[in-house]
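[1] Please work out how this folds:
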Amino acid sequence: MSKAQDGRTKRIVSPLVKAKGAVQMAAGAALAVAGVPLCVLPGPGVAAIAGGVALASKGQRTYSGRPATKIEQRLDAVAARAAAAVKREAVKAARSAGKAAHRSVVRAWEKAREEVSASRSPEC
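    Residues are numbered from 1 along each chain as shown. Predicted coordinates:
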């Protein structure tokens, strides 16, 4: 750490961490911009804008090496809990979709097998 001109300590950030921050800022900006038309179209526009701004803010902190304020720490914790909840729901949806796809394939297989056996008629 080095001293800034105003007496605060400043973190030295590696180029890899700076790249991660830049990607987070770009993704956050894209998400926020994509949320604007969703405000009038059907979809979660306000949530997309809020999520994009939060991601861009986190990216800026990562890029600059600035530590998070207490409010930002709380927001990061809330975002982490929300992400965990979304992940759990996505896993449930993927599992149920997988089971439904399996049932559909099994039904199609059985139907095809019945059609093949019905089409085989004994030759006289």
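
[2] least trustworthy helix or strand in the chain by mean pLDDT?
    strand 2-3 (a mean of 52; mean pLDDT, DSSP states H and E).

[3] roughly how far out does the helix or strand that contains residue 89 sit from the chain middle?
    Using DSSP states H and E, residue 89 sits within helix 70-119. Taking C-alpha atoms, centre = their mean, to the nearest Å, the mean C-alpha location of helix 70-119 is offset from the chain mean by 15 Å.

[4] which strands and helices sit next to that helix?
    If contacts are counted by 3 or more C-beta pairs under 8 Å, 6 or more residues apart in numbering; DSSP states H and E, helix 70-119 sits against helix 45-64. In this view, the C-beta of every residue, glycine as well, is placed from N, C-alpha and C.

[5] hang on, residue 42 is in a strand, isn't it?
    No - Residue 42 is assigned coil when assessed by DSSP: H, G, I helix; E, B strand; the rest coil, not a strand.

[6] so how far is residue 54 from it?
    As judged by C-beta to C-beta, to the nearest Å, residue 42 and residue 54 stand 23 Å apart.

[7] All set, thanks.
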